[in-house]
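Enquirer: Got a sequence here, can you build the structure:
(one chain, ligands or ions: 1)
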Amino acid sequence: MDGKSNPGVPYDGMTDTWVKKHRLIYIGATRHPFILSIRDGTVDLSAFKRWLGQDYIFVRAFVPFVASVLIKAYKKGDESSGDMEVILSGLGSLNDEIAWFKQEASKWGVDLSQVAPEKPTQDYCGFLEELMRPEVDYTVAMAAFWAIEAVYQESFAHCLEEGSKTPIELQEACQRWGNDGFGRYCSSLRNIADRQLEKAASGSVPLVKVSEDAVSKAEVTFLRVLEYEVDFWNMSCGTDGHSAPKP
Ligand SMILES: Cc1ncc(CN)c(N)n1
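Expert: Here you go, the predicted model:
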């Protein structure tokens, strides 16, 4: 699972190997029919409103998860890595994101205080809780953090590409995650995850078993993130069997 088995072929990092290896599910998460419907302008606005309410609940749960990653970065004690600064900037953006959700909800007439979490939201938030445990390795938590942000970045950036017919009233939402600055932030998260994975894969001898474990756990965690993201989009579309659109 070290992704370096081809001598002579440029090595882009473990996360790149995973994206290539798990291409189908990665495409499933980043080119989901919900996103494609925004991009081609056919999106059902009740689906968008459902996504808005559920994602507000998710983002509130995501904040303590990111805080837990910050604690892990601090405990690692490598001040010169700059990891804490990157993660802190993420927490700052989440503060803006929560304010944006409130403003957007009032624009669309969604009463956030009345939104109850659907099953996929509950499950995804439960997964974040699991990842917050102190015994979860920093490498595993960072891989999850990068994957969660990257799915939104790639999905919403696709809705802003040339030729897309994203309705004007949804463009601001797409800009939030599809802008270049968010893209650079995701690259920083990816670099941290890749560096950690690289260290774990080449682990110092007495810790070899622990490190290899972290690498395989991180890959499984990456896949679980993609599955949760697909379920989340399915729920937004009303195609998950739990939340059929109200007539
Ligand atoms: C479900 C989900 N995944 C990712 C993100 C990006 N923070 C989000 N807001 N919601």
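Enquirer: Check the secondary structure at residue 161 for me.
Expert: coil (DSSP: H, G, I helix; E, B strand; the rest coil).
Enquirer: Can you get me a residue count around it?
Expert: Residues near residue 161, counting by other Cβ atoms under 10 Å, number 10. Where C-beta positions appear, they are placed from N, C-alpha and C, glycine not excepted.
Enquirer: again, but for the one 4 residues further on
Expert: Residue 165 has 10 neighbouring residues, counting by other Cβ under 10 Å.
Enquirer: ok, now which ones touch the residue of the chain found nearest the ligand?
Expert: Minimum separation of the chain from the ligand (Cβ to the nearest ligand atom) falls at residue 152, amounting to 3.8 Å. Residue 152 makes contact with residue 177, according to Cβ atoms under 8 Å, 6 or more residues apart in numbering.
Enquirer: helices or strands up against the helix ranked longest in the chain?
Expert: Taking DSSP state H as the criterion, the chain has its longest helix at helix 45-76. Packing partners of helix 45-76 (3 or more Cβ pairs under 8 Å, 6 or more residues apart in numbering; DSSP states H and E): helix 33-39, helix 83-108, helix 119-131, helix 138-158, helix 208-237.
Enquirer: between it and helix 138-158, how many degrees?
Expert: 150 degrees (axes from the mean of the first three to the mean of the last three Cα atoms, to 10 degrees).
Enquirer: so how far is residue 168 from residue 202?
Expert: 50 Å (Cβ to Cβ, to the nearest Å).
Enquirer: Of the two, give the one with the bigger neighbour count.
Expert: Using other Cβ under 10 Å, the more surrounded residue of residue 202 and residue 168 is residue 202, with 11 against 7.
Enquirer: And the pLDDT at that one?
Expert: Looking at residue 202, its pLDDT is 83.
Enquirer: circling back: so which of the helices and strands packed on helix 45-76 is the most packed in?
Expert: Most buried of the helices and strands packed on helix 45-76 by mean neighbour count (mean count of other Cβ atoms under 10 Å) is helix 138-158; its value is a mean of 24.
Enquirer: Report the angle between that one and helix 83-108.
Expert: Computed by the same axes, to 10 degrees, the angle between helix 138-158 and helix 83-108 is 40 degrees.
Enquirer: how about the residues of the chain that lie near the ligand?
Expert: Residues of the chain that fall close to the ligand, judged by Cβ under 6 Å from any ligand atom: 55, 58-59, 62, 148-149, 151-152, 229, 232.
Enquirer: Which neighbouring elements make contact with the helix or strand of the chain with the lowest mean pLDDT?
Expert: Between all helices and strands in the chain, the lowest mean by mean pLDDT, DSSP states H and E belongs to helix 208-237, at a mean of 90. Applying 3+ Cβ pairs under 8 Å, 6+ apart, one finds that helix 208-237 contacts helix 14-21, helix 23-30, helix 33-39, helix 45-76, helix 119-131, helix 138-158, helix 180-201.
Enquirer: looking at those, which is closest to residue 236?
Expert: helix 45-76 (3.7 Å; Cβ to Cβ).
Enquirer: Can you list the buried residues in the closest one?
Expert: Buried residues in helix 45-76, counted by 16 or more other Cβ atoms under 10 Å: 47-58, 61-63, 65-66, 68-70, 72-73.
Enquirer: Spatially central residue for this structure, please.
Expert: By Cα atoms, centre = their mean, the chain has its centre lying nearest to residue 148, at 1.0 Å.
Enquirer: Do I have it right that that residue meets residue 225?
Expert: Yes: counting by Cβ atoms under 8 Å, residue 148 does reach residue 225; the two are 5.6 Å apart.
Enquirer: quick one: common contacting residues for the two?
Expert: With Cβ under 8 Å, 6+ apart, residue 148 and residue 225 have no common neighbours.
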